[in-house]
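1. Have a look; sequence and predicted model below, questions after that.
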Amino acid sequence: MMVFLVAESMLFTGLLGGYLVLRYSSPMWPPEGQPLLPLWAGAANLIFLAAGSVGIQFAVRAVRRASHRGLIRGISACLGAGLAFVLVLGVEWIRLRHEGLSLTEGGTYGALFYVLTGCHALHVLAVLIWVATLLALALRDRFSPAHHEPVEMAAMFWHFVGLAWLVLFVILYPL
């Protein structure tokens, strides 16, 4: 898992490095006629991912204590927070598209926004599939204090995805 997370860190570092080079070499950012990114949407998604981190960490602690009910609650909270993230990001993409920001019409500005947030969204979807699988297994009582490594690894991935969004949020939205 650690090797995977280091590789993912390199992916996001490369994408963000490219973004920063292109952004700061541009005379105007965002380009004239392009919409500003909605700070509220990025911040809401940051809150949802943080809530998911709390939920999955609650699940890890619960499974270590053999609390089946706590495990289910924690995983469910994480899953709900992740689904809220995807919903807000989808609404944001649709609204921005209607305002003229697309992969082609927005130039580098639009392309970078959709590539960065799209890459992150794929990671969120991957961890959501993992967490949904954990929920299905937890409902069948497949985890115990002696066997809970999949829950811990999913938590590591979730925390990584949350941290990646924090960095994306700071660089894309308020700066």
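-> That came through fine. Values in this document were obtained by computation on a predicted structure and should not be read as measured data.

2. From here on, just use CA atoms for contacts and neighbour counts.
-> Will do.

3. just the helices in this structure please.
-> 2-24, 39-64, 68-98, 107-139, 149-172 (DSSP state H).

4. Most tightly packed of the ones you listed?
-> Mean neighbours per residue, mean count of other C-alpha atoms under 10 Å, is largest over these for helix 39-64, with a mean of 21.

5. how big is the angle separating that one from helix 107-139?
-> Per axes from the mean of the first three to the mean of the last three C-alpha atoms, to 10 degrees, the angle that helix 39-64 makes with helix 107-139 is 20 degrees.

6. Distance from the chain centre to helix 39-64, please.
-> 10 Å (C-alpha atoms, centre = their mean, to the nearest Å).

7. got it, and stretch 93-103?
-> Put simply, stretch 93-103 sits 20 Å off its chain's centre (C-alpha atoms, centre = their mean).

8. Identify whichever of the helices of the chain lies nearest to Gly33.
-> If you check each of the helices of the chain against Gly33 by C-alpha to C-alpha, helix 107-139 wins as the nearest, at 11.1 Å.

9. Which strands and helices lie in contact with that closest one?
-> Where contact means 3 or more C-alpha pairs under 8 Å, 6 or more residues apart in numbering; DSSP states H and E, helix 107-139 is packed against helix 2-24, helix 68-98, helix 149-172.
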